[in-house]
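Undergrad: return a 3D structure for these sequence lines:
(chains A, B, C and D)
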2 protein chains.
Amino acid sequence: MNCEHEREHSAAARAAKENMPHAAEIERLAENFKTISEPSRLKILFALRHGEMCVLHIVEAVGGAQSAVSHQLRLLRASNIVKARRDGRHIVYSLADEHILAVLELACAHLKCKI
Amino acid sequence: MNCEHEREHSAAARAAKENMPHAAEIERLAENFKTISEPSRLKILFALRHGEMCVLHIVEAVGGAQSAVSHQLRLLRASNIVKARRDGRHIVYSLADEHILAVLELACAHLKCKI
DNA sequence: ATAATATATGAATAGTTATTCATATATTGA
DNA sequence: TCAATATATGAATAACTATTCATATATTAT
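TA: I've put the predicted structure just below:
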């Protein structure tokens, strides 16, 4: 490249290249963001703000088909965004850790929207 | 539904339903997360941690074709995740606000990965 | 053991998206 | 104005994903 900003910005470019996280970490991050980037899955997370719930209660809260919700829960679970425990014939879901809500709140702050 | 947890969890389900953010807000949120859920775009954000950069410097830092980077920058810009200003024949990009890095750091904390 | 309830899953389809290639636009210097 | 540099964009293809439908698995009560 042959850019006049060479002196000003190429140091930033070099630092950026040297400190770039490894591909595997970036892909894991991307995977996680992708998991929370679908409206139906976000709804599930907003629902679980109000406490743990079994699948049919989640279906009640977010709408849609049971099968669809189950598929989405599987993805959320695979990414460790929600956790599940069995209670009798129910599977009770809840948010996996405190980072989840914090990320949602930060994103809402960025968008200046109230949740 | 006919679930034994009716008494225990249905209050949470009702609260979840009543306090569910509007569809438009959820879609805006999802849109934003989707934008930061692709490895190539994440790389750009990690690059811009080190300061503002013009497109060719970003290309240098993250790799890939100029055209691809430009397309990705357009999406990041449309979601107000990066901002751009013209400086001569360059367009200089930077992170749009302090929430961006904060979200990345929270996500990294969740994944227990160091960035 | 059987029926009923709760949840999960495989396959198929329809919709979405990243990348590439070729080209267009915009700015500067000669 | 012309050439060179920097960035953006339209179209096409290939890869991915959400949803639906049908069905499977697991648990409990009778």
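Undergrad: who's in contact with the residue nearest in space to the middle of chain A?
TA: Nearest to the mean C-alpha position of chain A, counting by C-alpha atoms, centre = their mean, stands A:I36 at 3.4 Å. Contacts for A:I36 were tallied using C-beta atoms under 8 Å, 6 or more residues apart in numbering or on different chains; they are A:L42, A:L45, A:I81, A:I100, A:V103, A:L104, B:F33. Yep, even glycine has a C-beta here, placed from its N, CA and C like the rest.
Undergrad: where along chain A do the helices fall?
TA: For chain A, the helices defined by DSSP state H occupy A:6-18, A:23-35, A:39-48, A:55-62, A:66-78, A:98-111.
Undergrad: can I get those helices in CSV including mean neighbour count, distance to B:H9 and mean pLDDT?
TA: CSV is the format used below for these (neighbours: other C-beta atoms under 10 Å in any protein chain shown; distance: least, C-beta to C-beta, whole Å; pLDDT from 0 to 100):
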stretch, mean neighbour count, distance to B:H9, mean pLDDT
helix A:6-18, 16, 47, 82
helix A:23-35, 18, 24, 95
helix A:39-48, 22, 11, 97
helix A:55-62, 23, 5, 95
helix A:66-78, 16, 15, 97
helix A:98-111, 18, 19, 94
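Undergrad: B:I26 is nearest to which of those helices?
TA: B:I26 sits nearest to helix A:39-48 of all the helices of chain A, at 4.9 Å, using C-beta to C-beta.
Undergrad: restricting the selection to alpha carbons, write the closest one to PDB.
TA: Extracted in PDB, the C-alpha atoms of helix A:39-48 (Å, rounded to 0.1, in the frame of the first residue of the first chain):
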ATOM      1  CA  PRO A  39     -35.000 -12.300  17.600                       C
ATOM      2  CA  SER A  40     -36.600 -15.600  18.800                       C
ATOM      3  CA  ARG A  41     -33.500 -16.500  20.900                       C
ATOM      4  CA  LEU A  42     -33.300 -13.000  22.300                       C
ATOM      5  CA  LYS A  43     -36.900 -13.200  23.400                       C
ATOM      6  CA  ILE A  44     -36.000 -16.400  25.300                       C
ATOM      7  CA  LEU A  45     -33.200 -14.500  27.100                       C
ATOM      8  CA  PHE A  46     -35.500 -11.600  28.000                       C
ATOM      9  CA  ALA A  47     -38.000 -14.100  29.200                       C
ATOM     10  CA  LEU A  48     -35.400 -15.800  31.500                       C
END
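Undergrad: show me what that helix is packed against.
TA: When contacts are defined as 3 or more C-beta pairs under 8 Å, 6 or more residues apart in numbering or on different chains; DSSP states H and E, helix A:39-48 sits against helix A:55-62, helix A:66-78, strand A:82-87, strand A:90-95, helix A:98-111, helix B:6-18, helix B:23-35.
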